[in-house]
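> Sharing a model that was predicted from the sequence below.
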Amino acid sequence: MDEELIQSIRDDFLNGKPVIVVDEEREIEADFVYPAELMNRQITEFFVRYGKGLFCVVGPEENLLKRGFFRLPSNYGANYFVPIDWGSGTGISTVERAITCNKISDESTTLQDFKYPGHVTLIGAKGFTTRRGHSESSVELVRLLGFKPFSCIVEILDENGDSHNLEYVKHLAKQFKLKVLTINQIWKLYVKHEQLIKVKSTARLPTEYGEFEIYAFDNRLDGKEHVAIVKKWPDQSIPLVRIHSECFTGDTLSSLRCDCGSQLSSALKRIAENGGILIYLRQEGRGIGLTNKINAYHLQDKGLDTYEANITLGFKPDERDYTAAYQILKSLGVKRIVLLTNNPEKVKQLEDFGVHVERTERLFGRVTEHNKFYLKTKMVRFNHLLKDIEGLV
């Protein structure tokens, strides 16, 4: 499916049709996107006439800096570089702007080959794992399709100059039969095609549950020190997998406010008996960090549940992301799993990345007077499958 989508977008580009990329989460805006090396007068005119926003060419930040292009000062974190023109004309015509885009994608050119300041806005794209904006997603999209990592983008404004009218964007896509992608879709394609987490070292790990191997990783995804604890499973069988999010209070201090520590113990026992992988993700406090988790505990002491406490602190109810778990499975060559979980969201995220979850098996932790309300909240507000725990329903 992914390969078909990639090929169809590549064909559109080669046939002179841009795509629309939507940022649904941050800017709530949409841009036309097209490979810089293919820009011509017709596409440039289409961008200017129907996009109406700022016409930009984007390249990898490090590449631009090496070639002498320099950033403009910014007091809000923008990554604009010096605007440029190519050639001896004024630089503003659609032909000249298209040629400027073509030339910036020629990595043998340097700043000295261009006139500056010019009429084509130049943007440096950060790494996609660092920032997920239109600049980064457009560069990664064209690179993924086999083009040079330089893109042309322009914001789409409606008849009133509004850049946030996504209904207008849908109408425009239908009118010109253009494909629409979200930045999140491009991110998933990128994660599937890149190996961002690689095994760095392994060691024997004897424990009270049995002997495992512990894996450490070189992590270009989020820089965190995730680990995998592995017990070899029988050939031709499907490994048990547990994805466990770090919980200092439960895992280390044996807190009774949650069931995390007892779930960790149960998972290790089952994996020791059957073979499999425990992926330990460093996303403390459902992704908000230890200090914020303690702040959330304080709010829970005053009567809020864990869902409400996170929202009160300005977070989503659950900030966790399982991209790292997918990358770890990929680095271990594992494509099919039996997942130990009560959380349907883990299944959904892994399957979105192409992991085949053969089945799930419940993993219940210890129930105490201190965590009953917390467990009920997980069941009712987070849709965790806990109804079989006696006393919760």
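Here it is on my side, so go on.
> Every contact and neighbour count from this point should use C-alpha atoms.
OK.
> Could you check stretch 250-267 and say which residues are buried?
Neighbour counts over stretch 250-267 (16 or more other Cα atoms under 10 Å) mark 250-251, 255-264, 266-267 as buried.
> Just want the most central residue of this structure.
The residue lying closest to the centre of the chain (Cα atoms, centre = their mean) is Trp187, at 5.0 Å.
> hang on, the earlier thing: for the buried residues of stretch 250-267, which two are the farthest from each other?
Farthest-apart pair in these is Arg257 and Ala267; separation 18.9 Å (Cα to Cα).
> Please convert the buried residues of stretch 250-267 to CSV, extending it with secondary structure, pLDDT and distance to Met379.
Shown next, in CSV, are those (DSSP: H, G, I helix; E, B strand; the rest coil; pLDDT from 0 to 100; distance: Cα to Cα, whole Å):
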residue, secondary structure, pLDDT, distance to Met379
Gly250, helix, 97, 19
Asp251, helix, 97, 21
Ser255, coil, 96, 20
Leu256, coil, 96, 18
Arg257, coil, 96, 15
Cys258, coil, 95, 13
Asp259, coil, 95, 13
Cys260, helix, 97, 15
Gly261, helix, 97, 18
Ser262, helix, 96, 17
Gln263, helix, 97, 16
Leu264, helix, 98, 19
Ser266, helix, 97, 19
Ala267, helix, 98, 20
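> Let me have these in CSV, adding distance to Glu136 as columns.
As requested, the buried residues of stretch 250-267 are exported to CSV (distance: Cα to Cα, whole Å):
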residue, distance to Glu136
Gly250, 38
Asp251, 37
Ser255, 42
Leu256, 43
Arg257, 41
Cys258, 39
Asp259, 39
Cys260, 37
Gly261, 39
Ser262, 41
Gln263, 39
Leu264, 37
Ser266, 41
Ala267, 38
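> which one among these gets closest to Leu181?
Nearest to Leu181 among those is Cys260, at 37.4 Å by Cα to Cα.
> Return the residues in contact with the closest one.
Residues near Cys260 by Cα atoms under 8 Å, 6 or more residues apart in numbering: Cys247, Gly250, Asp251, Gly365.
> got it, and Glu225?
By Cα under 8 Å, 6+ apart, the neighbours of Glu225 are Ala216, Phe217, Asn219, Leu281, Arg282.
> Report the two of the contacts of Cys260 separated the most.
Among the contacts of Cys260, Cys247 and Gly365 lie farthest apart (Cα to Cα), at 13.5 Å.
> between these two, who's got more neighbours?
Per other Cα atoms under 10 Å, whichever of Cys247 and Gly365 has more neighbours is Cys247, with 26 against 18.
> Check whether that one really touches Gly285, as I assumed.
Yes. Using Cα atoms under 8 Å, Cys247 makes contact with Gly285 at a distance of 6.5 Å.
> Quick check: Leu363 touching Leu268?
No. Contact criterion Cα under 8 Å: Leu363 and Leu268 do not qualify, at 11.1 Å.
> For these two, indicate the residue with more neighbours.
Leu268 (25 against 19).
> Figure out the helix or strand that that one lives in.
Here Leu268 sits within helix 260-274, counting by DSSP states H and E.
> following that helix, which helix or strand comes up?
strand 276-281.
> Check the offset of that next one from the chain's centre.
20 Å (Cα atoms, centre = their mean, to the nearest Å).
> Give me the contact list for it.
225-233, 239-246, 267-268, 271, 324-325, 328.
> Sort out which of those are in helices and list them.
Among these, DSSP state H puts Ala267, Leu268, Ile271, Ala324, Ala325, Ile328 in helices.
> What separation do you get for the closest residue to the first one other than its chain neighbours and Leu340?
This points to Ala267. Excluding the flanking residues, the one nearest Ala267 by Cα to Cα, 6 or more residues apart in numbering is Arg242, at 6.6 Å. Applying Cα to Cα, to the nearest Å, the value for Arg242 to Leu340 is 5 Å.
> Compare neighbour counts for the two and give me the winner.
Here Arg242 and Leu340 are set side by side on neighbour count (other Cα under 10 Å), and the busier one is Arg242, at 27 against 24.
> in the sheet, who's paired with Ile229?
Ile214, Leu278 (DSSP bridges).
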